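# need coordinates for the following:
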Amino acid sequence: MRNNPHLKAIFPVVSGDDDYRDRYYSRGGAVKLGHRLQWMAENLRTPGYEPDFNRFVWHLPLRTSDRAATGATSEAYQQAMNHPTFDRFWRAISTQEHLEKIRIPVFAVGGWYDNYVQSDIEAYVTLRKTTGTNRLLIGPWPHNMSYKFADADFGPEAAVPVRRLQLQWFDQWLAGKETPLTAVPPLKVFVMGANQWLETQEWPPAEARPAVLYLDSNGHANTVAGDGRLRRGLSPRVTEDVYTYDPRNPVPTRGGAVCCNPRVFPWG
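Reported below is the predicted structural model:
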């Protein structure tokens, strides 16, 4: 963002662009406890300290969860707890809030199962308006592109030679060479289910159409074995589903588009 004249192009992979929405808080304002604390436990723990996910993710009060995860107080975590809303503190350090300052070519790579993919998409949309020299590639990956899901195979087409793309990108912008990148659209995303790539200029793609889906059931959707489903129109039934929520015994998120250790916090 400082436009150092010696920085000519970048190729970030699964990076995101905003500390508040990517790393500490969900877009609804809830703390990303498992995501942030697990990363801290692996990267910031004190020597000899052995963190236990099942203990530090349930730790109260939240103010001292950093000590439960790392064995020490984290200044960054304490600052995050001091600013639970997206205020002036977060705006000042957010790349997303200052994307208009970026003038260099950016080739970003994201994954549909990565925690940062929404920010990667939003950054692409903004940069297309300001520079027009950015590209985005999104595949069916978690935070680690080489990870193989045990119960899902997206086929051989899902593999991408990222190192080759990096070399082409820097050949183009650092060495002035003509590369294959100039002949293909700037946005390439993997369509899961069809298991094929879609190349386009914009996001959402021009041919995309929004679909509104409604929660529906016969009144028993509140278990894994229940009859809950999604439908494209409002349900003709007036059946109600009821469940009891106990904040002292919540259902934790134990997977999804998260980071950073699938053995502890599953991907997908």
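# how about the closest residue to G228 other than its chain neighbours, secondary structure?
Spatial nearest neighbour of G228, excluding adjacent residues (C-beta to C-beta, 6 or more residues apart in numbering): A221 at 2.9 Å. In short, each C-beta sits where N, CA and C put it, glycine included. Here A221 takes the coil state, with states given by DSSP: H, G, I helix; E, B strand; the rest coil.
# how many residues are close by A221?
15 (other C-beta atoms under 10 Å).
# pretty sure it contacts R237?
No. Look at A221 against R237 with C-beta atoms under 8 Å: they stay out of range, at 11.8 Å.
# let's see the pLDDT reported for the residue nearest to G228.
pLDDT for A221: 88.
# make 431 the starting number, not 1.
Let's use 431 as the start, then, which means that last one is A651.
# contact partners for it?
Going by C-beta atoms under 8 Å, 6 or more residues apart in numbering, A651 touches 645, 657-659, 671.
# how much space separates it from S456?
23 Å (C-beta to C-beta, to the nearest Å).
# quick check: beta-bridge partners of K618?
Beta-bridge partners for K618, by DSSP bridges, are L567, E629.
# can you pull the contacts of it?
565-568, 627-629.
# out of these, which is nearest to R678?
I568 (38.7 Å; C-beta to C-beta).
# now, of the contacts of K618, which are buried?
565-568 (16 or more other C-beta atoms under 10 Å).
# possible to save the contacts of K618 as TSV with pLDDT?
Converted to TSV, these look like this (pLDDT from 0 to 100):
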residue	pLDDT
R565	97
L566	98
L567	98
I568	97
W627	96
L628	96
E629	96
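# closest to N434 out of those?
R565 (21.0 Å).
# pretty sure that closest one is touching V539, no?
No. Under the criterion of C-beta under 8 Å, R565 makes no contact with V539, lying 9.2 Å away.
# so which residues of the stretch 481-630 of the chain form strands?
Remark: strands assigned in the stretch 481-630 of the chain by DSSP state E, counting those that start in this stretch are 537-541, 565-569, 617-621, 626-630.
# as TSV, these with distance to V547 would be great.
Below are the strands of the stretch 481-630 of the chain laid out as TSV (distance: least, C-beta to C-beta, whole Å):
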stretch	distance to V547
strand 537-541	4
strand 565-569	6
strand 617-621	10
strand 626-630	15
